[in-house]
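Colleague: Just the structure for this:
(2 chains)
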Amino acid sequence: MAKNDNKHSLMDEIVGLCKRRGFIFQTSEIYGGINGFFDYGPLGVELRRNIKDAWWKDMVQMRDDVVGLDSAIIMHPDVWKASGHVDSFTDPMVDCKESKMRYRADHLFYALVKVDGQEIGCVSLLESERMQEDAEKMADDLKRKMAVQGEMDALHLQPYTEAPESDWSKVPSPATGKPGSLTPPREFNMMFKTHVGALQDASAAAYLRPETAQGIFANFKNVLDTGRIKVPFGIAQIGKAFRNEITPRNFIFRSREFEQMEIEYFIQPDEEIWEGHHREWIDTRKAWFASIGLTDEHLGEEVHPREKLAHYARACTDITFKFPFGEQELEGIAARGNYDLMQHQGASGKPLEFFDEARKEKYVPHVIEPSLGVDRTFLAVICAAYTKDEIDGETRTVLKLHPRVAPVKAGVFPLMKNKPELMEKARGLYEKLRLRWNVFFDVSGAIGRRYRRMDEIGTPFGITVDFDSLEDGTVTLRDRDTTKQERVTEKELISAMEEKIGW
RNA sequence: GCGGGCGUAGCUUAGCUGGUAGAGCGCCACCUUGCCAAGGUGGAGGUCGUGAGUUCGAAUCUCAUCGCCCGCUCCA
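Modeller: As a prediction, the model looks like this:
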């Protein structure tokens, strides 16, 4: 990990590199951007795919006990009722700009005060049993203060959440009694809402999934019935999820649209076995992180204290990463009991049980859930790889990416571009390598410059074709991290790349 | 959401008290170049985040808005 006195400037450098070299752009930048959303450029998309491919390969393809799934982003709204997301996330708020007080907007009621049909003001108060009575008193006071004569219309109290925009400025703050200092009501529910079909009424409401896990639970029976699998087994999914975060922060660490890699690993319900599975998954996941260059020196484990666990969770351990802005959660590995399946079984009325042949009994399995963010992994990989070192007195910026995830595996360079025979030979090698790997052909600038360009985007191999190559077919293979060079045959080159990159 | 700071070319930035924009690096082309950001010549690229306002005149002053950073708040 790069050393830097100033944590902020280190993060700034990384963000700058990501933009400068085409890893990550702020989305819709030409329109001024929008907070919490990002676009991945030509190199970013390669790195991202490599991370996802590595995960899928190791967690699904190489395992007998895990199968894949790709469920829809928009699911039946009842899924989110059953999972608890609809209820547990709704929290509309309103702030008084003057007194700095914050209220639940659905607890703040107001009424327009009208005398003989003429609007003379507005009263507001917090929800209570006697609020109608209190509001009428307040309205009377207002009428007296304004010295208005006439018959007061009946007061219609309504929650601030239902106020039309034209009323916001009229409603007085309960703290100051003066209108105009309240902000519009704000929904703090983290789920993005949308509409399905032509009608935009409540019956058409739907949500963008805030996690991929529920798609797995909802398909538990489908997979079980078709997959020829038995407990213990896992279902894995990679996909986008959306959360309307109040404060997106730290570059792509907390964003509003992100991608998850989740496994629900179903186990027998016995009390004494879940801990073993839980620990096993923590170790499995850490080994996987090491395979993409995130070793124990970068990682930590944070065990959630019992009192902070959700009521259905038995344990949750985070695998953390030491980011420049602090040690933060990368992956959460939770032991969730059978809460989710039970909820969906209850809400849908469909049995979500597994018949265990060995035990001759039916049960709703419990689950271990390793849940990882693609984007967080991306950021961790970049942060861990970002290095500045010195080559002959010159500072060099290099991404020491694990070859497995590096967006470009090798740069192929003809030593000089004005020698047709060198160009042709190098081009031929490039065409051969690109069949297997993402490689880059670069002819412009001095050879040292081309090496450095590749260093900055984390390309592990530099391959230079020179005049000797024309004679004996050997090339110079230059190592990104050590800058050491060696003379190799084409065959040796290929096997060196295979060995470092893997599959 | 609140408070503070910030926004000039791809990047880093100069531009003091208003007179309609420069530099370095990078990039592109050509030349040169026998292995670690060499050199030469030429070139593209900015309505100074955006929108209003004040002014004869705004990158510079005012306001709003968007975005970024820090702290709080909120929240899995």
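Colleague: Please pick out the residue of chain A most distant from its centre.
Modeller: Distance from the centre of chain A peaks at A:Q149, with 60.4 Å (C-alpha atoms, centre = their mean).
Colleague: Please report phi then psi for that one.
Modeller: Main-chain torsions, A:Q149, degrees, to the nearest 10: phi -100, psi 150.
Colleague: Could you say which helix or strand holds the most centrally placed residue in chain A?
Modeller: Per C-alpha atoms, centre = their mean, the C-alpha nearest to the average position across chain A is that of A:F258, at 3.4 Å. For A:F258, the host element (DSSP states H and E) is strand A:257-267.
Colleague: which other helices and strands contact that strand?
Modeller: When contacts are defined as 3 or more C-beta pairs under 8 Å, 6 or more residues apart in numbering; DSSP states H and E, strand A:257-267 packs onto helix A:42-56, helix A:213-218, strand A:233-242, helix A:274-291, strand A:366-373, helix A:374-385. For every residue, glycine as well, the C-beta is placed using N, CA and C.
Colleague: Dump these into a markdown table; add mean pLDDT as well.
Modeller: Below are the helices and strands packed on strand A:257-267 laid out as a markdown table (pLDDT from 0 to 100):
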| stretch | mean pLDDT |
| --- | --- |
| helix A:42-56 | 95 |
| helix A:213-218 | 96 |
| strand A:233-242 | 96 |
| helix A:274-291 | 96 |
| strand A:366-373 | 96 |
| helix A:374-385 | 94 |
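Colleague: Just say helix, strand or coil for the closest residue to A:V443 other than its chain neighbours.
Modeller: Excluding the flanking residues, the one nearest A:V443 by C-beta to C-beta, 6 or more residues apart in numbering is A:K417, at 4.1 Å. The three-state assignment at A:K417 reads coil, by DSSP: H, G, I helix; E, B strand; the rest coil.
Colleague: Tell me which residues touch A:K417, please.
Modeller: Contact partners of A:K417, counting by C-beta atoms under 8 Å, 6 or more residues apart in numbering, are A:423, A:443-444.
Colleague: strand partners of the strand holding A:F258, parallel vs antiparallel please.
Modeller: Strand A:257-267 sits in its sheet next to strand A:233-242 (antiparallel), strand A:366-373 (antiparallel), going by DSSP bridges.
Colleague: Same list, those strands, but as a markdown table with mean neighbour count and distance to A:I382 please.
Modeller: As requested, those are exported to a markdown table (neighbours: other C-beta atoms under 10 Å; distance: least, C-beta to C-beta, whole Å):
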| stretch | mean neighbour count | distance to A:I382 |
| --- | --- | --- |
| strand A:233-242 | 21 | 19 |
| strand A:366-373 | 24 | 14 |
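Colleague: Compile those into CSV and extend it with columns for distance to RNA strand B.
Modeller: Below are the strands paired with strand A:257-267 laid out as CSV (distance: least, C-beta to the nearest atom of the strand, whole Å):
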stretch, distance to RNA strand B
strand A:233-242, 10
strand A:366-373, 10
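Colleague: tell me which element the residue in chain A that RNA strand B sits nearest to falls in.
Modeller: Nearest residue of chain A to RNA strand B (C-beta to the nearest atom of the strand) works out as A:G448 at 2.3 Å. For A:G448, the host element (DSSP H and E) is helix A:447-456.
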